[in-house]
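Visitor: Just to be clear, the model below is a prediction. Sequence and coordinates:
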Amino acid sequence: MLNIVMIASECVPFAKTGGLADVVGALPPALSVLGHRVVVIIPKYGFVDSSLHPMRPLPNPLGVRMGNMQEWCAVHEASLPGKVPVYLIEHDLYFGRPGLYHDAALNDYVDNPRRFSLLARAGLQLCQDLPFRPDVVHVHDWQTALATAYLKVWHWDSPILGPAGSLLTIHNIGYQGKYPSSHYEYIGLGWPNFEPDILEDYGQINFLKGGIHYADLVNTVSPTYANETRTPGGGMGLAPYLNNKGDRYIGILNGVDYTHWDPSADPLIPAAYSATDLAGKSVCKRALQDRMGLQVEPQVPLVGVISRFAHQKGLDVLAQVVDGVLQQMVVQFAVLGSGDPALETFFGALPGRYPGRAASVIGYDNELAHWIEAGADFFLMPSRYEPCGLNQLYSLRYGTLPIVRATGGLADTVEQYDQSTAAGTGFKFWDLTAQALHDTIGWAVSTYFDRPHHLLQLVRRAMSRDFSWEQSALGYQAAYLRAMEIKRGR
Ligand code: ADP
């Protein structure tokens with residue numbers, strides 16, 4: 001049994017902007033099922049509603065030394081399923097705001113480096129008061145990366161924290177936390193460490209880079225993304241530092257919350273179904289076509305897309321080919337997403353050009369997302385890069401065969417269809433070109449019409465794949481043991 005302290009800026013259900021929050025909400029309960037003791041430490045943001053999340057204040061304030069100042073925080077204890085304690089750090093000036101990282105006009109809070117270095121430091125400080133001695137401190141992304149530095153610079157001789165190993169998880173290397181060096185005194189890691197190999201980055205402080213340097217072990221959320229971030233193109237400036245880690249930089253796939261995403265027990269979809277009884281999937285397809293204004297055609301393959309319209313997701317390439325696809329192939333499209341205004345306009349106008357064959361909803365709609373996962377035949381993700389990706393994992397479980405660019409977690413979780421053996425769980429392409437995307441959609445569509453018996457095998461196989469949190473938790477358990485070994489110099 002290990003004692004694990006997780007420090008993070010997000011955790012479902014308290015605060016979420018992205019996949020990091022899902023991981024921090026789901027991994028600790030899965031670890032506790034494996035018999036480990038876990039506590040989670042997050043900020044108490046202004047919007048965290050204590051009437052929705054019962055919590056009790058701890059009796060003592062937490063004094064945290066930052067630069068030459070003493071900050072004072074209050075701490076509240078709540079919990080995650082499985083009785084995992086969650087400690088929320090209250091510091092009104094820094095966290096009592098309506099946003100996590102930016103204001104309503106999307107301007108980053110200028111004091112973010114102070115807010116999150118305080119969180120990292122306060123999280124460690126709180127460990128001194130916990131009823132156990134941590135074996136591992138697990139931190140996430142740039143926001144808490146510096147806890148690994150504080151461990152080594154400040155707590156190396158502490159009987160409680162000194163022996164703890166550290167693990168830094170990178171959820172998306174595009175966000176590194178780069179800030180002016182004027183914040184460095186406050187962060188308090190000493191000028192000798194403001195070096196290009198450690199925390200300095202062209203005159204700025206780089207939080208993630210510092211974390212990579214100091215963490216005993218670093219991981220990202222899929223093995224292929226780990227390899228991609230080791231290359232100049234994928235590492236966004238940090239590839240040399242990740243390469244320096246050698247085998248101390250690994251990939252561990254995220255899990256999926258099958259309590260919310262399983263077609264045999266999904267209260268949001270029109271009909272339940274399973275790999276052994278697929279009748280409900282046809283009901284879901286008919287209902288989806290009807291709801292989105294598509295022709296109700298059971299025999300026309302339906303391609304679903306649910307996505308943020310962001311450069312990362314490659315939908316600009318879909319925009320280049322979708323007209324040609326709709327003109328040349330017997331196929332329907334159902335698109336749900338929002339983001340980039342040009343893509344919102346493009347996909348918003350698509351149904352007008354192909355009434356009954358293309359449908360789109362511009363916005364965020366969780367129920368419709370479930371309907372598309374259940375009702376579509378194929379699910380398209382032409383991502384430029386994808387650290388892990390969730391939607392392809394949902395699609396597999398819903399028997400909605402993924403058509404994906406083989407990058408990051410998409411490469412690791414979708415198995416290429418083999419026409420000669422009917423092996424595989426989806427359709428992959430490698431080059432993000434209009435031609436490759438067009439041809440791969442064509443391959444899926446022709447398989448639908450020409451090899452329906454193959455398709456059925458793929459659907460059943462896809463539905464049987466297991467990307468549960470139990471699997472990921474085993475990966476993290478091994479990582480924690482490795483981080484502890486590295487810490488002990490083995
Ligand atoms: P990312 O986290 O990069 O956006 P993922 O595939 O990992 O991509 O996760 C996306 C999650 O957000 C999925 O749960 C997906 O269903 C959901 N999602 C994205 N866009 C929408 C939308 N417009 N409406 C509903 N759900 C959405």
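Guide: On my side now, so go ahead.
Visitor: How about the secondary structure of the nearest residue to Gln128 once chain neighbours are set aside?
Guide: Once flanking residues are discounted, Gln128 sits nearest to Ile160: 5.6 Å by C-beta to C-beta, 6 or more residues apart in numbering. The way it works is simple: take the backbone N, C-alpha and C, and place the C-beta from them, glycine included. For Ile160, the assignment made with DSSP: H, G, I helix; E, B strand; the rest coil gives coil.
Visitor: give the contact list for Trp156.
Guide: Gly162 (C-beta atoms under 8 Å, 6 or more residues apart in numbering).
Visitor: wait, isn't Leu20 in contact with Thr144?
Guide: No: between Leu20 and Thr144 there is no contact under C-beta atoms under 8 Å: 10.0 Å.
Visitor: which residues of the stretch 301-450 of the chain fall in strands?
Guide: Secondary structure of the stretch 301-450 of the chain (DSSP state E, counting those that start in this stretch): strands at 302-309, 332-339, 358-362, 378-381, 401-405, 427-429.
Visitor: any chance of these in TSV, plus distance to Thr345?
Guide: Output for the strands of the stretch 301-450 of the chain, formatted as TSV (distance: least, C-beta to C-beta, whole Å):
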stretch	distance to Thr345
strand 302-309	10
strand 332-339	12
strand 358-362	9
strand 378-381	19
strand 401-405	24
strand 427-429	26
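Visitor: Need those in TSV (columns: distance to the ligand and mean neighbour count).
Guide: Shown next, in TSV, are the strands of the stretch 301-450 of the chain (distance: least, C-beta to the nearest ligand atom, whole Å; neighbours: other C-beta atoms under 10 Å):
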stretch	distance to the ligand	mean neighbour count
strand 302-309	5	24
strand 332-339	5	23
strand 358-362	8	21
strand 378-381	7	26
strand 401-405	11	27
strand 427-429	16	21
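Visitor: contact partners of the longest helix seen in the chain?
Guide: Taking DSSP state H as the criterion, the chain has its longest helix at helix 469-487. Contact with helix 469-487 is made by 2, 4, 26-27, 29-31, 33-34, 36, 135-136, 138, 163-167, 215-217, 219, 248, 250, 252-257, as judged by C-beta under 8 Å, 6+ apart.
Visitor: What about the closest residue to Phe379 other than its chain neighbours, how many residues nearby?
Guide: Leaving aside its chain neighbours, Phe379 sits nearest to Ser395 (3.8 Å; criterion: C-beta to C-beta, 6+ apart). Residues lying near Ser395 (other C-beta atoms under 10 Å) number 31.
Visitor: do the same with Asp418
Guide: 10.
Visitor: Can you check the pLDDT for it?
Guide: On pLDDT, Asp418 comes in at 98.
Visitor: Could you do Lys209 as well?
Guide: With respect to pLDDT, Lys209 has a value of 98.
Visitor: How about Asp257?
Guide: Note for Asp257: predicted pLDDT of 89.
Visitor: next one: Pro131
Guide: 83.
Visitor: Please tell me how far it sits from Glu77.
Guide: Applying C-beta to C-beta, to the nearest Å, the value for Pro131 to Glu77 is 12 Å.
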